[in-house]
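Peer 1: I'll drop the sequence and a predicted model, then ask my questions.
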Amino acid sequence: MTDVLTVHGGHPLKGDISVRGAKNLVSKAMVATLLGESPSTLRAIPQIADVRIVSGLLELHGVHVTGGDALGELHFDPTNVETAHVADIDAHAGSSRIPILFCGPLLHRLGEAFIPDLGGCRIGERPIDYHLEVLRQFGALVEKRPEGLRLAAPQRLQGTKLTLPYPSVGSTEQVLLTAVRAAGLTELSNAAIEPEILDLIAVLQKMGAIISVDTDRVIRIEGVDSLQGFTHTAMPDRIEAASWACAALATHGEIYVEGARQPDMMTFLNVFRKIGGAFEVDDAGIRFWRGGDAQRSVVLETDVHPGFMTDWQQPLVVALTQTRGLSIVHETVYENRLGFTQALVDMGATIQLYRECLGGLPCRFGQRNFKHSAVVSGPTPLRGADIEVPDLRGGFSYLIAALAAEGTSTVRGIDLIYRGYEQFLDKLDAVGARYERG
Ligand code: EPZ
């Protein structure tokens with residue numbers, strides 16, 4: 001199979017698709033299975049590459065993974081957790097950022113952990129300094145070696161009082177996955193409180209953890225001596241749902257996304273409506289289409305929850321090129337997540353990038369030479385082009401652009417999209433997209 005899609009754009013996407021469990025919860029809940037003393041079952045698991053990567057890593061550590069991901073249900077038996085061989089783990093280096101979250105559970109189970117160099121999307125520097133500082137504060141010894149990180153817990157990790165410099169999703173998960181079995185109380189301030197994190201907390205509570213979330217971004221965890229397995233149905237993927245919503249808007253189509261849940265998407269839905277999108281919520285999902293064509297502009301800034309997710313930004317920018325008005329998008333989570341817009345400009349979009357913090361409050365990236373604000377003027381007709389997928393969300397956004405464009409596009413590197421969009425070619429078929437492989 002080739003990694004290239006030839007897309008014939010300019011046709012509205014119309015039809016029904018469904019979304020299953022959120023990539024950014026499922027992968028973390030899979031790591032949590034390591035903490036249990038009995039097997040766990042996770043449901044609504046999507047068939048995406050990240051699930052296969054985490055399954056592989058769990059198996060390397062002695063977790064017995066069974067069940068078909070086509071059925072969306074996997075079972076994890078962690079009874080024989082063991083130290084994996086460095087070379088085997090290293091073979092997974094570069095494929096994902098999830099290995100860093102194995103640290104706490106492995107330190108509890110085995111007293112040691114080896115973490116290879118991390119992969120993940122190239123959307124900024126993406127350091128792991130918060131993670132390492134958190135682990136050190138719990139009492140872990142962290143040693144950087146050329147092949148990766150070697151961690152050790154000479155004694156039981158100790159609960160601690162921590163404040164994150166920024167409400168990082170991964171670092172909050174690091175604290176949760178470590179604190180639940182550490183001795184005593186952990187208090188985390190400036191925590192991320194994304195719905196995926198609250199769902200992970202629900203998983204951990206099912207396992208026997210004691211965790212409270214206060215209104216002021218403070219999470220308190222009372223460590224316990226042991227945890228059991230869990231049975232859980234993952235929350236739906238709100239990033240995938242929003243991506244299809246943007247595809248409906250950009251192509252003048254109409255897409256029903258079964259599984260999309262309004263409470264997780266409130267912030268997106270407000271913006272979607274402001275820029276001319278329409279939607280209807282029912283008990284099973286949300287229908288998205290393009291509403292009236294009045295002048296609509298937004299001033300938008302990406303932010304941690306409950307703000308507008310950075311992962312919604314890329315598909316939304318494509319939709320903005322096809323709606324009427326002049327909009328400002330200020331990316332405040334990643335310093336380099338607007339680079340994908342150059343290809344859109346080459347296709348005919350009018351997008352200008354700025355180093356300044358436009359439209360809102362100054363962010364961490366102001367005065368630091370990062371082009372992290374965009375002014376998007378629409379609608380501009382897009383022309384088919386030859387484009388290379390830059391990262392997961394940018395890749396799906398390029399597909400939307402190619403489907404909205406007049407003429408034929410060649411989209412290269414589509415395998416990357418499988419990391420987070422389940423069976424996206426089948427779903428493209430379901431909404432009538434015209435394309436062929438190769
Ligand atoms: C998670 O990444 C998601 N990934 C990302 O989704 C998502 O964009 C991001 O959270 C924000 O919502 C997964 O869940 C697997 P962060 P994560 O720690 O946890 C800085 C997608 O497309 N930072 O919240 O890695 C960091 O550089 C992916 O599905 C440090 O400086 O993100 C960034 O600027 C892409 N030091 C900010 O914090 C650290 O040690 C937020 O990152 C950690 C983070």
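Peer 2: That came through, no problem. Computed from a prediction, not measured in an experiment: that's the story for all the values here. Numbering: from 1, shown residues only.

Peer 1: which stretches in the stretch 301-438 of the chain count as strands?
Peer 2: For the stretch 301-438 of the chain, applying DSSP state E, counting those that start in this stretch gives strands covering 325-330, 350-354, 373-378, 386-388, 408-412, 434-437.

Peer 1: excluding chain neighbours, give the residue nearest to His61 in space.
Peer 2: Ala84 (5.0 Å; CB to CB, 6 or more residues apart in numbering). Quick note: C-beta positions are derived from backbone N, CA and C, even for glycine.

Peer 1: before we move on, what about Gln155?
Peer 2: Using CB to CB, 6+ apart, the closest residue to Gln155 is Gly139 (7.0 Å).

Peer 1: list the contacts for the closest residue in space to Lys23 that isn't next to it in sequence?
Peer 2: Once flanking residues are discounted, Lys23 sits nearest to Gly420: 4.8 Å by CB to CB, 6+ apart. Neighbour list for Gly420: 23, 48, 50, 237, 239-240, 392-393, 396 [criterion: CB atoms under 8 Å, 6 or more residues apart in numbering].

Peer 1: could you check how far Tyr398 is from Ile387?
Peer 2: Between Tyr398 and Ile387 the distance, using CB to CB, to the nearest Å, works out to 5 Å.

Peer 1: so what sits against both of these two?
Peer 2: Here Tyr398 and Ile387 have 343, 411 as joint contacts, going by CB under 8 Å, 6+ apart.

Peer 1: so for those two, which sits in the more crowded spot?
Peer 2: Applying other CB atoms under 10 Å to Tyr398 and Ile387 shows that Tyr398 carries more neighbours, namely 30 against 24.

Peer 1: quick check: the more buried one touching Val411?
Peer 2: Yes: Tyr398 is within contact range of Val411, at 5.7 Å (criterion: CB atoms under 8 Å).

Peer 1: bridging residues for the nearest residue to Lys161 once chain neighbours are set aside?
Peer 2: Nearest residue to Lys161, sequence neighbours excluded (CB to CB, 6+ apart): Glu187, at 4.8 Å. Bridge pairing for Glu187 (DSSP bridges) gives the partners Lys161, Arg220.

Peer 1: against Lys28, how distant is Glu187?
Peer 2: In terms of CB to CB, Glu187 sits 21 Å off from Lys28.

Peer 1: higher neighbour count, these two?
Peer 2: Lys28 (26 against 17).

Peer 1: the more buried one contacts Glu196, doesn't it?
Peer 2: Yes: contact criterion CB under 8 Å: Lys28 and Glu196 qualify, at 7.3 Å.

Peer 1: tell me the residue of the stretch 151-300 of the chain that sits nearest the ligand?
Peer 2: Residue nearest to the ligand within the stretch 151-300 of the chain: Gly170 (2.8 Å; CB to the nearest ligand atom).

Peer 1: ranges for the helices of the protein?
Peer 2: 23-32, 49-60, 86-90, 103-110, 129-137, 169-179, 195-207, 238-250, 262-274, 310-321, 341-346, 392-404, 424-430 (DSSP state H).

Peer 1: pull up the residues of the stretch 51-200 of the chain that are close to the ligand.
Peer 2: Contacts of the stretch 51-200 of the chain with the ligand, taken as CB under 6 Å from any ligand atom, map to 97, 121, 124-131, 166, 168-171, 192.

Peer 1: and Ile53, what's its pLDDT?
Peer 2: Note on Ile53: pLDDT of 89.

Peer 1: related to what we said a few turns ago, turn the strands of the stretch 301-438 of the chain into a markdown table, including mean pLDDT and distance to Leu149.
Peer 2: Output for the strands of the stretch 301-438 of the chain, formatted as a markdown table (pLDDT from 0 to 100; distance: least, CB to CB, whole Å):
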| stretch | mean pLDDT | distance to Leu149 |
| --- | --- | --- |
| strand 325-330 | 96 | 34 |
| strand 350-354 | 98 | 35 |
| strand 373-378 | 97 | 35 |
| strand 386-388 | 97 | 31 |
| strand 408-412 | 98 | 33 |
| strand 434-437 | 96 | 39 |
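
Peer 1: thank you kindly, that will do.
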